[in-house]
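Engineer: coords please:
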Amino acid sequence: MRGDAARRRPVRATVLAGASLLVALLGVLDYATGTELSFAVFYVMPIAWAAWEGRRRVGILFSVLGAATWHVTNLLAGAVASHPAIPYWNTATRLAFFLIITHLIARRREAFDAVTRHARTDMLTGALNGRAFQVLVEVELERCRRHGRPFTLVYADIDDFKIVNDTRGHAEGDEVLRLVAAELGRALRTTDALARLGGDEFAMLLVETNAADAALGVDRVRRRVEQVIGTRGWPVTLSMGVVTCETAPASVDALIALADRQMYEAKAAGKSRSVITVLADRA
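Structural biologist: A predicted model of the protein is given here:
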């Protein structure tokens, strides 16, 4: 998800800075202790950290940096070899060792990320699943309670989706779901979130979004999605229930239920539209 990528950027910057500092510190210690004591194994620490947090390419970068640092400090410390090629051979073997470590750790991280992603996302559309979405909404509820930050929840349903499944088959119905999810996701900011709650129903979390902005933005997104759908010849539209929270509801379930009711109001009013309500403290 795009939001996940945005959250990783500061982590990656921290890893780059921290691992670079560790490699530099190890280089200084390696030089200060001379050639008799080997610090090669300690370079694994920043390399492993870089490979886990920064992923494979960052791990490779620090493998090369660690091997190069070891090589330079060894030469500066006055290491003597029986043949001029030996220091380069030793550096190459250390680099190979570091790259193997990077590969193993990166593979482990990729497997971990895959399991985490599968636990949080809908496999058909790539959107978040209901459980992961509820966690994000709970965070926004707490921000609203503590700091009065408004946010908006949108509940969207694909009108007449059953017609596509019945007349064109479930494979084409799945294509409708994937396209709707892709277009809804494309319209969101990196701080927002999209989830598939089941069947042909989607939900969007729009952080720091008041009622006026939500009314304009949601209708614009709906029209855009319907336009793209129309180019494919699918006889479907979107109905949306929109709830802007200026004050927090009792629970996430209560909020989603309210947005669901607003969505059904949109369907009852003729489909292909949105119905918005605002939760505000009237006292």
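Engineer: contacts and neighbour counts: CA atoms only from here.
Structural biologist: Fine.
Engineer: Flag the shaky bits of the stretch 101-250 of the chain, pLDDT-wise.
Structural biologist: Scanning the stretch 101-250 of the chain for pLDDT under 70 picks out nothing.
Engineer: 90 - rerun?
Structural biologist: Across the stretch 101-250 of the chain, the ranges flagged by pLDDT under 90 are 112-120, 147-148, 190, 198, 215-216.
Engineer: And the strands in it?
Structural biologist: For the stretch 101-250 of the chain, the strands defined by DSSP state E, counting those that start in this stretch occupy 151-159, 193-198, 201-207, 237-245.
Engineer: among those, which is nearest T91?
Structural biologist: strand 193-198 (46.7 Å; CA to CA).
Engineer: CA atoms of that closest one as CSV?
Structural biologist: Extracted in CSV, the C-alpha atoms of strand 193-198 (Å, rounded to 0.1, in the frame of the first residue of the first chain):
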residue,chain,number,x,y,z
ALA,A,193,-6.5,3.9,3.2
LEU,A,194,-8.7,1.7,1.0
ALA,A,195,-10.2,-1.6,2.1
ARG,A,196,-12.4,-4.3,0.6
LEU,A,197,-14.9,-5.2,3.2
GLY,A,198,-16.4,-8.1,1.4
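Engineer: Determine the three-state secondary structure at K271.
Structural biologist: Secondary structure, DSSP: H, G, I helix; E, B strand; the rest coil: K271 is coil.
Engineer: For this structure, which segments are assigned as helices?
Structural biologist: 2-32, 44-76, 86-120, 130-147, 161-168, 170-187, 211-231, 252-268 (DSSP state H).
Engineer: out of these, deepest packed?
Structural biologist: Each of the helices of the chain was scored by mean neighbour count; the highest is helix 44-76, a mean of 21, by mean count of other CA atoms under 10 Å.
Engineer: What's the mean pLDDT across that one?
Structural biologist: Averaging pLDDT along helix 44-76 gives 91.
Engineer: Measure how that helix sits relative to helix 86-120, angle-wise.
Structural biologist: Here the directions of helix 44-76 and helix 86-120 differ by 160 degrees (axes from the mean of the first three to the mean of the last three CA atoms, to 10 degrees).
Engineer: tell me what helix 44-76 is packed against?
Structural biologist: Under the contact definition 3 or more CA pairs under 8 Å, 6 or more residues apart in numbering; DSSP states H and E, helix 44-76 sits against helix 2-32, helix 86-120.
Engineer: what's the closest of these to L184?
Structural biologist: Among the helices and strands packed on helix 44-76, helix 2-32 sits nearest to L184 (CA to CA), with 12.4 Å.
Engineer: got the domain boundaries for this protein?
Structural biologist: 2-120, 130-279 (automatic domain parsing).
Engineer: in terms of contact, does Q134 touch L255 like I think?
Structural biologist: No: counting by CA atoms under 8 Å, Q134 does not reach L255; the two are 10.3 Å apart.
Engineer: start to end distance for stretch 226-244?
Structural biologist: End-to-end distance for stretch 226-244, by CA to CA, to the nearest Å: 23 Å.
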